[in-house]
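Trainee: I'd like to go over a predicted model; first the sequence, then the structure.
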Amino acid sequence: MEKTTNNNQPMKYILPLLLSVFIFQQSLAQDYVPGLIVVKLKDEDQSRRKESSNALSLELLEKDGKVEKIQYLGKKSSFFKRNEQKSRLDNIYKLEIKEDISELDYINYLNSFENIEYAEQYPNVKPLYVPNDPEAQFGKKQFHLAQINVYDAWNVTKGGEDIVIGIIDTGADLDHEDLVGNLYLNVEDPIDGSDNDNDGFVDNYYGWDFADNDNSPEADGSTHGTGVTGIAAAATDNNTGIAGIGFNTKFMPIKIFQTESNFSRNSYEAIIYAADQGCDVINLSWGSSGRYSQFAQDIINYAALEKDVVIVAAAGNTDDELDFYPASYDNVLSIGFVNPDDTRNSNSTYSDFIDLVAPGSGIYTTENGDAYASDGGSSYAAPMVAGAAAL
């Protein structure tokens, strides 16, 4: 059985769309060094080349006023090495052309010769963007950043403060040194005892607690939500702690687990709230295996199809083939988790409904009390995808 949308379009059509966005973004980063061209001549018999009137030669390039410098990249042949083997670098030249000459026009000119194997612009490379957060450096505790190639993504985009991830969980440590900088604030409803924005929630300046029905989504019990939040949206490039995948992306904490019992209340109404408040991405690092609910599917469809929200959910931490909800609903990206070597973790739930996998073993992130710790599971894999979606 495949995930489908209301129009019976399989989920497999949604994933290539996401992939195409990443490919498009990567293409924007592949620039070329201006003024440089590399050309390779075909390896052919020299007597034939002399007979041809349409063959490019070094002598012709040296006389070309458009070329300022020529560098031969092949190995220089030695008189004493008569049986020297040919190299793939033979016949490759790097040309530096004048500033007022179009690289593409000159490449077209070079390709007009019959003995050209290829002529192309010289590819430019850029250093991977590594933020100054201590544990985001190569070889430090946030190994998962390199595993998912997010440094490459940050070369292209670092997200924006106008993008918000709704973290529906146990709340978050709102004063954490590495979270407070990316905390979304509802400035339309400051804390003054009135529902200034007329959304039905009084003083929801920081978010909302659906479990205890108040305006304090503070993680005053389980640290789970604080850990999830740090992975997706910790403040980045602030020379502190860790880096969040979403970089500049804001997060909206929405609490659905009661402080005392840690039981969930109003979890699906929280999805409606996040969608209505304008969240672009919603992360659901919770769920259970069990029966399908049309009520829950309707809410998912409302957020995804009517509010255009990307919904990401953890696929479960049981070594079994299970339909885990809400991850297995239509219009939800179901996220399994893998080890640092990209093999399936033995505790990762598997099913036909899983769409993507992400690292979920020994993930270093934020913790309650302005602290940091390592933990794992699909709960920590999902916010990596949520952060990437926000980018």
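Mentor: Yep, that arrived. Please read all numbers here as calculations on a predicted model, not as lab measurements.
Trainee: and the helices in this structure?
Mentor: In the chain, the segments counted as helices under DSSP state H are 14-29, 46-51, 58-63, 103-110, 144-147, 150-156, 224-233, 267-276, 294-301, 378-390.
Trainee: figure out which of those is closest to residue 162.
Mentor: Nearest to residue 162, of all the helices of the chain, is helix 378-390, at 10.6 Å by CB to CB. In this view, the C-beta of every residue, glycine as well, is placed from N, C-alpha and C.
Trainee: related to what we said a few turns ago, do you know which of the helices of the chain lies nearest residue 169?
Mentor: Judged by CB to CB, the one of the helices of the chain that comes nearest to residue 169 is helix 224-233, at 3.3 Å.
Trainee: can you give me how far the closest one is from the chain middle?
Mentor: 16 Å (CA atoms, centre = their mean, to the nearest Å).
Trainee: mind saving the C-alpha coords of it as PDB?
Mentor: Listed next in PDB are the C-alpha coordinates belonging to helix 224-233 (Å, rounded to 0.1, in the frame of the first residue of the first chain):
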ATOM      1  CA  HIS A 224      12.800  15.300  24.800                       C
ATOM      2  CA  GLY A 225      11.400  18.400  23.100                       C
ATOM      3  CA  THR A 226      14.500  20.500  23.900                       C
ATOM      4  CA  GLY A 227      16.700  17.900  22.200                       C
ATOM      5  CA  VAL A 228      14.500  17.700  19.200                       C
ATOM      6  CA  THR A 229      14.400  21.500  19.000                       C
ATOM      7  CA  GLY A 230      18.200  21.800  19.100                       C
ATOM      8  CA  ILE A 231      18.700  19.500  16.200                       C
ATOM      9  CA  ALA A 232      16.400  21.300  13.900                       C
ATOM     10  CA  ALA A 233      16.800  24.900  15.000                       C
END
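Trainee: mean confidence for that helix?
Mentor: Average pLDDT, helix 224-233: 97.
Trainee: so which elements touch that helix?
Mentor: Secondary-structure packing of helix 224-233 (3 or more CB pairs under 8 Å, 6 or more residues apart in numbering; DSSP states H and E): strand 164-169, strand 250-255, strand 363-367, strand 371-375, helix 378-390.
Trainee: if we use 10 Å, what do you get?
Mentor: Helices and strands touching helix 224-233, by 3 or more CB pairs under 10 Å, 6 or more residues apart in numbering; DSSP states H and E, are strand 164-169, strand 250-255, strand 281-284, strand 363-367, strand 371-375, helix 378-390.
Trainee: in a markdown table, list these along with mean pLDDT and mean neighbour count.
Mentor: Formatted as a markdown table, the helices and strands packed on helix 224-233 follow (pLDDT from 0 to 100; neighbours: other CB atoms under 10 Å):
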| stretch | mean pLDDT | mean neighbour count |
| --- | --- | --- |
| strand 164-169 | 97 | 29 |
| strand 250-255 | 98 | 28 |
| strand 281-284 | 98 | 31 |
| strand 363-367 | 97 | 25 |
| strand 371-375 | 96 | 16 |
| helix 378-390 | 96 | 29 |
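Trainee: wait, which of those is closest to residue 150?
Mentor: Set against residue 150 and scored by CB to CB, those come closest in helix 378-390, at 7.1 Å.
Trainee: got the angle for the closest one vs strand 164-169?
Mentor: Following axes from the mean of the first three to the mean of the last three CA atoms, to 10 degrees, one obtains 170 degrees for the angle between helix 378-390 and strand 164-169.
Trainee: CA atoms only: put helix 378-390 into CSV for me.
Mentor: Taking C-alpha atoms only, helix 378-390 is exported to CSV below (Å, rounded to 0.1, in the frame of the first residue of the first chain):
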residue,chain,number,x,y,z
SER,A,378,13.9,8.3,15.1
SER,A,379,12.8,11.2,17.3
TYR,A,380,16.2,12.8,16.6
ALA,A,381,16.3,11.8,13.0
ALA,A,382,13.1,13.5,12.1
PRO,A,383,14.2,17.1,13.1
MET,A,384,17.2,16.7,10.8
VAL,A,385,14.8,16.4,7.9
ALA,A,386,12.6,19.1,9.3
GLY,A,387,15.6,21.5,9.5
ALA,A,388,16.6,20.5,6.0
ALA,A,389,13.1,21.1,4.7
ALA,A,390,13.2,24.6,6.3
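Trainee: any idea how far that helix is from the middle of the chain?
Mentor: 9 Å.
Trainee: what's the angle from that helix to strand 371-375?
Mentor: Orientation check (the same axes, to 10 degrees): helix 378-390 against strand 371-375 gives 110 degrees.
Trainee: can I get the helices and strands packed on helix 224-233 in CSV including distance to residue 41?
Mentor: Shown next, in CSV, are the helices and strands packed on helix 224-233 (distance: least, CB to CB, whole Å):
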stretch, distance to residue 41
strand 164-169, 53
strand 250-255, 55
strand 281-284, 51
strand 363-367, 52
strand 371-375, 55
helix 378-390, 44
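Trainee: can you check which of these gets nearest to residue 335?
Mentor: Across these, residue 335 has its closest neighbour in helix 378-390 (4.4 Å, CB to CB).
Trainee: what separates the nearest residue to residue 73 once chain neighbours are set aside from residue 358, distance-wise?
Mentor: Leaving out its chain neighbours, the residue that sits closest to residue 73 by CB to CB, 6 or more residues apart in numbering is residue 92, at 4.3 Å. Applying CB to CB, to the nearest Å, the value for residue 92 to residue 358 is 40 Å.
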